[in-house]
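Visitor: no FASTA, just this:
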């Protein structure tokens, strides 16, 4: 484990004064410092009750106490030794009257498959990728730095974004070990962005970035009780992300509130000439907070799984979802039962294997000082490391032949039929969006379509594990979905602080 807390702490001067500032900030707010949202952080910084340095120090201490000790959540794979220096620089700018925007001085964590050209590694959790840091920041990291965010560190993940071997536990990587669920320590963390979700839930940072190919943002957001935004594929740049396939890969916000997710999306969005997907011109300069209103559900037609309309079993299995539907209706939405059919696309695994074989070499060519320079190197190094886990997915990718025409036709077919499954329901019932529970076919259909979706908390089950509700809609409807999710969030107020139950 490569955690550099001591280096961060040694760079801080005037610790006693900072602790006093932290105490003042906590006293000024009923919300503990570690659970402040972005607006609250800005308000306290604007009043001089809080500094970026004080906030970063508080979070580093919390990470030391709860991530590496105590319940040992193990969500953080590495801390940024420059975090306090960045925070100091942002405080200096603020004092001089220069505020870059809402994320100025706000800490953010990045999943360990997102390039940073600093002292931190980018490994996708693989020991075979440890070496010299990336030569260049990922495009979205450049955007974060320009916005004044403090890159606090990297989060653990299911190794190789869960595409090393299907039998490897969610949240485990050879470099980072096993991440735990902060609500119930022995519960599943799900998906590959497990560290990003668990870290935000546990109060290690207000903001984090996950990535998704198929379920890797929405599933851990659900299990860890946070907001997870899977944008339309191509809305956010993928440059500088360790790839699975650019047909589906996307980064996305993981936060504790919908508004924080929208603020983070504002910072991340931008036109990257290196990304192969061209966004509609109408999306240039969109403010993803603009539609966030408490009455956002009024007059909206929302589809929901028909099983909740005609069967008692779903109502008993997920009473929180049933309650969520009632709250949406009370908030002004018209609810229409629909049956979303999973087309069960053929050759999906083959398409993923081709994607790894096709897209990974281009990324590895940018990393000239790591042991794994090729997919073959990666396979040999994993085998030599002997961590007890297989690598069947990577082996299958290594042995497959990639024909560009077949590859593109295969993905066109997969995305077309999954998109059609959603579009038909939206058109037939004249829906603004669809909402589903986590056992719905939507968990598979939405990612394969490349469509946007937002997962957010709906309560807790009897075991103390978060429950969730999932909004999704057509391509490029990200801003409208955020508005609907915000309307539900404000009506429900169902996010829970973790209990760290053993």
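Guide: The structure has been received and is ready for your questions. Only a predicted model underlies this, so the values are computations on that prediction, with no experimental measurement involved.
Visitor: quick one: low-confidence parts of this structure?
Guide: 1-29, 311-315 (pLDDT under 70).
Visitor: how is it carved up into domains?
Guide: 5-273, 301-339+414-492, 348-408 (automatic domain parsing).
Visitor: so where do the strands sit in this protein?
Guide: 76-79, 107-111, 150-155, 172-173, 177-178, 207-212, 227-230, 250-255, 301-305, 334-338, 433-436, 453-460, 466-472 (DSSP state E).
Visitor: just say which of these is most tucked in.
Guide: strand 227-230 (a mean of 32; mean count of other CB atoms under 10 Å). (Each C-beta comes from the backbone N, C-alpha and C, glycine too.)
Visitor: distance of the spatially closest residue to residue 180 that is not a sequence neighbour from residue 62?
Guide: Spatial nearest neighbour of residue 180, excluding adjacent residues (CB to CB, 6 or more residues apart in numbering): residue 73 at 5.1 Å. In this view, residue 73 and residue 62 are 10 Å apart by CB to CB, to the nearest Å.
Visitor: quick one: which of these two has more around it?
Guide: Each of residue 73 and residue 62 has its neighbours counted (other CB atoms under 10 Å); residue 73 has more, 27 against 17.
Visitor: who's in contact with that one?
Guide: 66, 67, 179, 180, 182, 185, 198, 199, 202, 204, 500 (CB atoms under 8 Å, 6 or more residues apart in numbering).
Visitor: okay if I get the residues you listed as JSON lines plus distance to residue 429 and neighbour count?
Guide: Listed next are the contacts of residue 73 as JSON lines, based on distance: CB to CB, whole Å; neighbours: other CB atoms under 10 Å:
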{"residue": "66", "distance to residue 429": "45", "neighbour count": "20"}
{"residue": "67", "distance to residue 429": "45", "neighbour count": "27"}
{"residue": "179", "distance to residue 429": "39", "neighbour count": "31"}
{"residue": "180", "distance to residue 429": "41", "neighbour count": "24"}
{"residue": "182", "distance to residue 429": "38", "neighbour count": "28"}
{"residue": "185", "distance to residue 429": "42", "neighbour count": "15"}
{"residue": "198", "distance to residue 429": "37", "neighbour count": "32"}
{"residue": "199", "distance to residue 429": "38", "neighbour count": "32"}
{"residue": "202", "distance to residue 429": "39", "neighbour count": "27"}
{"residue": "204", "distance to residue 429": "41", "neighbour count": "26"}
{"residue": "500", "distance to residue 429": "43", "neighbour count": "17"}
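Visitor: closest to residue 85 among those residues?
Guide: residue 204 (19.3 Å; CB to CB).
Visitor: roughly how far does the nearest residue to the closest one once chain neighbours are set aside sit from residue 37?
Guide: Of all residues not flanking residue 204 in the chain, residue 63 sits nearest, at 5.2 Å (CB to CB, 6+ apart). Relative to residue 37, residue 63 is positioned 19 Å away (CB to CB).
Visitor: what about these two, which has more around it?
Guide: Counting neighbours by other CB under 10 Å for residue 63 and for residue 37 shows that residue 63 has the greater number, 27 against 18.
Visitor: would you confirm that the more buried one contacts residue 79?
Guide: Yes. Using CB atoms under 8 Å, residue 63 is in contact with residue 79, at 7.1 Å.
Visitor: beta-bridge partners for the residue most central in space within the chain, please?
Guide: The centroid of the chain falls nearest to residue 210 when counting by CA atoms, centre = their mean (2.9 Å). Beta-bridge partners for residue 210, by DSSP bridges, are residue 252.
Visitor: which neighbours do residue 73 and residue 62 share?
Guide: The contact lists of residue 73 and residue 62 share residue 204, where a contact means CB under 8 Å, 6+ apart.
Visitor: run a quick neighbour tally on residue 422.
Guide: With other CB under 10 Å as criterion, residue 422 counts 22.
Visitor: roughly how far does the nearest residue to residue 112 once chain neighbours are set aside sit from residue 33?
Guide: Leaving aside its sequence neighbours, residue 112 sits nearest to residue 154 (CB to CB, 6+ apart; 4.2 Å). Separation of residue 154 from residue 33 (CB to CB): 22 Å.
Visitor: same check, this time on residue 481
Guide: 30 Å.
Visitor: comparing these two, which residue is more hemmed in?
Guide: Set residue 481 next to residue 33 and count neighbours by other CB under 10 Å: residue 481 wins out with 27 against 20.
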